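**Q** got a structure for you, letters missing:
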């Protein structure tokens, strides 16, 4: 079934940039190799300082964190821990360098982007533990960075959004650093979507059900949709969502994750967590990469406004 007629016309060019294909083990290696050959964007050209840090883990590996700092950052500014997307199997902090620098400048805050270990090389709980370590480190560096430790938000797109949602659960349950806001952009949060039929209009573009099965199975180390999956891997599995940070959730109406994201927003609200939910018509997974489309500009405006409210909430 074709759903091209449902796609926002301004987003159609993005389907040439982001063609849908099925991830598998062989293709994964090829994609990673191709991504490694791409030049790393230089954020300094935007007027933002970039610092590379390495956070040692108790298990003996290092977790790289890239910090983007506006040159005129005021004292006691807010901070954002950013977690990149990539289906849990690809991506890096470097690939989001320009976006992270632009966000730091627009919000006038520090953005710390964590390079968590990827699946299937590292299965759960490795990736979320790396993110938790980065959160602890950022909070501990509040004085060194002259940021307000009470105004640290977390954010991510796709798998990064899934890790951000899981990180909020981990921090709550462990009594970890306070998080003022969780910003989830088309988050990948429910492995059970792999065993259920997608709606007739979702999952046809960019991130397909077949790729979803590969991504989740790679992260979990067991078949996606298995019994007993930990909520720290798939946040939708959590039974208790109370006490979590206020949430912003955005997803396209044609995205495979639309239903799971709407359901998570509904459950957060029912648990007493303030939620802002946006569902963008005619938008597929990753639609905001077509940055000049009107709907992408609106999505960014909504995002920036939500960050502003979160950082000014007392």
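**A** Perfect, I can see it now. For clarity, every value in this text was computed on a predicted model and none was experimentally measured. Numbers count the residues shown, from 1 in each chain.
**Q** drop to CA atoms for contacts and neighbour counts, all remaining ones
**A** OK.
**Q** Tell me which other helices or strands the lengthiest helix in the chain touches.
**A** Secondary structure of the chain per DSSP state H: the longest helix is helix 294-312. If you count contacts as 3 or more C-alpha pairs under 8 Å, 6 or more residues apart in numbering; DSSP states H and E, helix 294-312 packs onto helix 97-107, strand 247-252.
**Q** for these, which one ends up most surrounded?
**A** Greatest average neighbour count among the helices and strands packed on helix 294-312 goes to strand 247-252 (a mean of 24), per mean count of other C-alpha atoms under 10 Å.
**Q** Mean pLDDT lowest where, among the helices and strands packed on helix 294-312?
**A** Note on those: lowest mean pLDDT is at helix 97-107, with a mean of 95.
**Q** all strands for the chain, in order.
**A** For the chain, applying DSSP state E gives strands covering 48-56, 62-70, 77-83, 110-114, 147-157, 181-185, 247-252, 275-280.
**Q** for these, which one sits closest to residue 203?
**A** strand 247-252 (10.4 Å; C-alpha to C-alpha).
**Q** ok, and what's touching that closest one?
**A** 181-187, 257-258, 261, 265, 273-285, 287, 299, 303, 306 (C-alpha atoms under 8 Å, 6 or more residues apart in numbering).
**Q** which stretches of the stretch 1-150 of the chain have low pLDDT?
**A** Across the stretch 1-150 of the chain, the ranges flagged by pLDDT under 70 are 1-2, 41-45.
**Q** again, only using 80
**A** Residues of the stretch 1-150 of the chain meeting the criterion pLDDT under 80: 1-2, 19-21, 40-46.
**Q** Where does the prediction get shaky in the stretch 201-314 of the chain?
**A** 313-314.
**Q** is it true that residue 202 touches residue 260?
**A** No. When contacts are counted by C-alpha atoms under 8 Å, residue 202 is not listed as touching residue 260 (11.6 Å).
**Q** picking up where we left off before, selecting buried members of the contacts of strand 247-252 in ChimeraX, what would you type?
**A** With 16 or more other C-alpha atoms under 10 Å as the criterion, this ChimeraX line picks the buried residues out of these:
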select :181,182,183,184,185,186,187,257,258,261,265,273,275,277,278,279,280,282,283,284,285,287,299,303,306
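**Q** related to what we said a few turns ago, check which residues of the longest helix of the chain are buried.
**A** Buried residues in helix 294-312 (16+ other C-alpha under 10 Å): 295, 296, 299, 302, 303, 306, 307, 310, 311.
**Q** can you put those residues in a markdown table and add distance to residue 127?
**A** Listed next are the buried residues of helix 294-312 as a markdown table, based on distance: C-alpha to C-alpha, whole Å:
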| residue | distance to residue 127 |
| --- | --- |
| 295 | 32 |
| 296 | 29 |
| 299 | 27 |
| 302 | 28 |
| 303 | 25 |
| 306 | 26 |
| 307 | 25 |
| 310 | 26 |
| 311 | 26 |
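**Q** so which of these comes closest to residue 72?
**A** Once C-alpha to C-alpha is applied, the member of those that ends up nearest residue 72 is residue 311, at 17.7 Å.
**Q** do you know how far the residue lying closest to that closest one once chain neighbours are set aside is from residue 208?
**A** What sits nearest to residue 311 in space, not counting adjacent residues and going by C-alpha to C-alpha, 6 or more residues apart in numbering, is residue 151, at 6.0 Å. Here the criterion is C-alpha to C-alpha, to the nearest Å. By it, residue 151 lies 36 Å from residue 208.
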